[in-house]
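Peer 1: would you be able to build a 3D model of this:
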Amino acid sequence: MRIVVQRVKNCSVYIKGIPVGEISYGLLVYLGVEKGDSSTDLNYLQKKIIGLRIFNDQNGQMNLSVKDIDASIMVVSQFTICANTKKGNRPSYNNAEKPETAKKMYQNFIEKLKETGLNVQSGKFQETMEVSYINDGPVTILLDSRKIF
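Peer 2: As a prediction, this is how the structure comes out:
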């Protein structure tokens with residue numbers, strides 16, 4: 001499972017010009033589910049995101065987590081981060097999980113985040129979305145559950 005986490009001042013997701021989710025200060029999380037991902041991957045990344053200390057404390061140091069400051073999280077499905085670009089110029093998405101399985105993982109991931117009590121919003125799985133945000137910092141972190149096991 002691959003994730004791109006961005007610290008944002010705000011984030012909105014639109015489908016066909018209609019807003020489907022909006023957060024103020026918090027995290028924008030792009031989630032890509034790969035073949036073979038399991039609840040172990042999901043649980044690891046959920047805990048990692050909640051505990052990731054990328055928000056500034058009173059001294060301007062990144063020592064606080066999204067939970068520490070009671071910020072919000074926007075989750076957007078993003079199979080393209082599962083791309084393999086080693087051969088040629090056209091990305092291969094063969095590593096991306098089949099949509100029906102990936103959708104379940106995506107929904108489970110959102111539910112696990114909601115269990116923390118934080119405001120969690122999301123885009124819609126397998127929809128073309130417009131994501132508008134202001135990256136704060138900029139702070140962007142790449143996480144891959146397979147690189148830790």
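Peer 1: which stretches of this protein form helices?
Peer 2: Secondary structure of the chain (DSSP state H): helices located at 39-51, 99-114.
Peer 1: turn the ones you listed into a markdown table, columns for mean neighbour count and mean pLDDT.
Peer 2: To be clear about C-beta, it is placed using only N, CA and C from the backbone, and glycine gets the same treatment. Converted to a markdown table, those look like this (neighbours: other C-beta atoms under 10 Å; pLDDT from 0 to 100):
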| stretch | mean neighbour count | mean pLDDT |
| --- | --- | --- |
| helix 39-51 | 17 | 96 |
| helix 99-114 | 17 | 97 |
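Peer 1: wait, which of these is closest to Ser92?
Peer 2: Ser92 lies closest to helix 99-114 among the helices of the chain, at 16.2 Å (C-beta to C-beta).
Peer 1: residues contacting the closest one, please?
Peer 2: Residues from elsewhere that reach helix 99-114 (C-beta atoms under 8 Å, 6 or more residues apart in numbering): 1, 31, 33, 37, 39, 42-43, 45-46, 49-50, 73, 75, 77, 79, 96-97, 120, 122, 125-126.
Peer 1: now do it against helix 39-51: the angle between them, please.
Peer 2: Per axes from the mean of the first three to the mean of the last three C-alpha atoms, to 10 degrees, the angle that helix 99-114 makes with helix 39-51 is 40 degrees.
Peer 1: can I assume Ile141 is in contact with Leu52?
Peer 2: Yes - with contact defined as C-beta atoms under 8 Å, Ile141 reaches Leu52; the gap is 6.7 Å.
Peer 1: common neighbours of those two, please.
Peer 2: Common contacts of Ile141 and Leu52, defined by C-beta under 8 Å, 6+ apart, comprise Val5.
Peer 1: who has more neighbours, these two?
Peer 2: Leu52 (19 against 15; other C-beta atoms under 10 Å).
Peer 1: for the closest residue to that one other than its chain neighbours, the count of nearby residues, please.
Peer 2: Nearest non-adjacent residue to Leu52, counting by C-beta to C-beta, 6 or more residues apart in numbering: Ser65, 5.9 Å away. Ser65 sits with 16 neighbouring residues when counted by other C-beta under 10 Å.
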